[in-house]
Structure formats: C-alpha cells, structure tokens
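**Student:** Curious how this folds, go ahead:
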Amino acid sequence: MKKLDLESYLLHEGEALAEFTVEGQFMSGLCIIPDDKPVERLDIAGCLEETLHRIIEEKRYADNEAQINHPFYSESEADLIGSILMADQDPEEELDSVEIDLNYRIHGCLTSFERVPHTALHFEKKLYERYKLIWMLDHRVTLFDAFAEWRDYCDPANGLDAGTSNEDAFDSWENDSGFSGSLYPCFDEFVAVEYSQKDDRLFFNKEEERLWELDQ
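**Tutor:** Residues are numbered from 1 along each chain as shown. Below is the predicted model:
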C-alpha cells in the first residue's frame with residue numbers, strides 16, 4: 001500500500017503518518033498520528049487502534065459504494081490491515097505481541113516509530129482546504145451563508161436524489177452551484193495559480209512555511 005494512498009484516503013486535517021518496524025520482520029508498517037505532537041508524546045496504542053478502525057471504515061465505504069478505482073476496493077480487509085499495520089487476527093495472547101483491537105495484534109515488539117514527511121500532494125491539499133475558507137472570508141461568505149446554500153441544494157424538492165451520499169452531494173454542489181454561481185477555484189487551478197503566490201494566512205507555523213518554500 002502506497003503512502004500517498006493512505007494520505008489521500010485516510011488522513012484528516014491535522015494528521016500525519018508514522019512508519020514503524022517490528023522485531024524480527026523486514027517490512028515496515030504505517031500508522032495515523034496527530035500532526036501537532038512529537039512522537040515521544042504520542043499514545044501509540046491509541047494511534048494504532050484509530051488506524052485499524054479507519055482502515056475498516058474506509059474499506060467498507062469502498063465496497064458499499066462500489067468505488068472500483070479506490071485502492072482498498074480490490075483488497076480484503078485482512079490483507080489491508082496486514083500490509084498497513086503488520087497485524088492479523090489472533091485471539092491468543094502472546095508475550096511481546098502488541099494487541100490493537102478486534103483480536104488484531106502485531107506479532108513482536110515495535111523497534112522504531114518515526115514520523116513520515118508529508119508528500120507534496122498532501123501538503124498542497126491541506127493548504128487548499130484552508131484556502132477555501134480564506135476565499136469565503138475574502139468574498140464575505142459566512143458559515144451561515146454556506147449552510148443555507150448547502151441546505152437548499154440538498155433539499156430533494158430541488159431535484160437532488162434523496163439517497164445521494166453527503167460526499168457526492170458536496171461534489172455536485174461544487175461542480176454545479178457553489179454560492180449562487182460563484183466559487184473558489186478547483187484544486188488544480190489552486191495549485192497552478194494561488195498556491196504559487198505566497199499567502200501567509202495559509203500557514204499555521206514556520207515549519208509549514210518552510211515546506212511551502214521547498215515545494216516551489
């Protein structure tokens with residue numbers, strides 16, 4: 001499983017990936033962690049459990065929605081958890097094993113646990129989500145305005161299928177409506193134009209500003 005796939009499908013705003021190794025195994029595993037804490041202060045057990053449930057949830061979404069292009073669609077749940085978390089289902093307790101949840105455990109002690117640097121694409125998408133909020137502020141669009149537009153668009157009386165998922169409905173709203181026909185640029189346009197024009201409001205700290213400078 002590629003790190004880019006996990007960043008695209010599993011990570012939320014304010015999160016990162018950590019890579020870990022297990023005693024006696026040559027492959028490494030990946031785990032979701034908060035992006036604002038040093039590794040030595042993390043609840044690693046909690047991070048492993050959250051990653052496990054995030055994988056299961058995303059796998060079920062890909063299957064239920066028949067997302068055939070989703071990297072999880074063609075894999076089994078057990079294979080995904082094995083390749084990402086280095087874990088399998090085993091109800092037997094073992095010395096030096098790491099129990100996660102739902103009888104999933106890692107066979108062996110963790111020998112390293114290190115943060116994975118963000119890919120450029122993940123960083124660009126993170127800043128794009130912030131840019132959309134800044135665009136709303138610059139265009140005097142309030143959260144109340146946004147909610148009202150979204151509520152009206154999702155009203156089945158206006159033609160939207162009542163069975164449409166929130167994600168698909170939001171994509172349709174962005175493509176078809178926006179704020180009465182006005183909307184922030186799409187992601188590709190943002191990367192081509194706005195991303196290259198430094199806006200200090202996009203950065204939460206000096207480290208993010210440094211990453212942006214390295215990406216230029």
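
**Student:** As a check, name the ranges of all helices in the protein.
**Tutor:** 3-9, 44-64, 77-85, 120-138, 143-154, 166-176, 187-192, 206-215 (DSSP state H).

**Student:** so can I have CSV of the ones you listed showing mean pLDDT, mean neighbour count and distance to Ile106?
**Tutor:** Where C-beta positions appear, they are placed from N, C-alpha and C, glycine not excepted. As requested, the helices of the chain are exported to CSV (pLDDT from 0 to 100; neighbours: other CB atoms under 10 Å; distance: least, CB to CB, whole Å):
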stretch, mean pLDDT, mean neighbour count, distance to Ile106
helix 3-9, 73, 17, 17
helix 44-64, 95, 17, 8
helix 77-85, 94, 18, 7
helix 120-138, 86, 16, 25
helix 143-154, 83, 13, 42
helix 166-176, 79, 13, 32
helix 187-192, 88, 14, 36
helix 206-215, 74, 13, 30
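
**Student:** Switch those helices over to TSV, and while doing so, append distance to Gly29 to every line.
**Tutor:** Formatted as TSV, these follow (distance: least, CB to CB, whole Å):
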stretch	distance to Gly29
helix 3-9	11
helix 44-64	9
helix 77-85	5
helix 120-138	19
helix 143-154	38
helix 166-176	28
helix 187-192	30
helix 206-215	25
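
**Student:** Out of the ones you listed, which is closest to Val22?
**Tutor:** helix 77-85 (10.0 Å; CB to CB).
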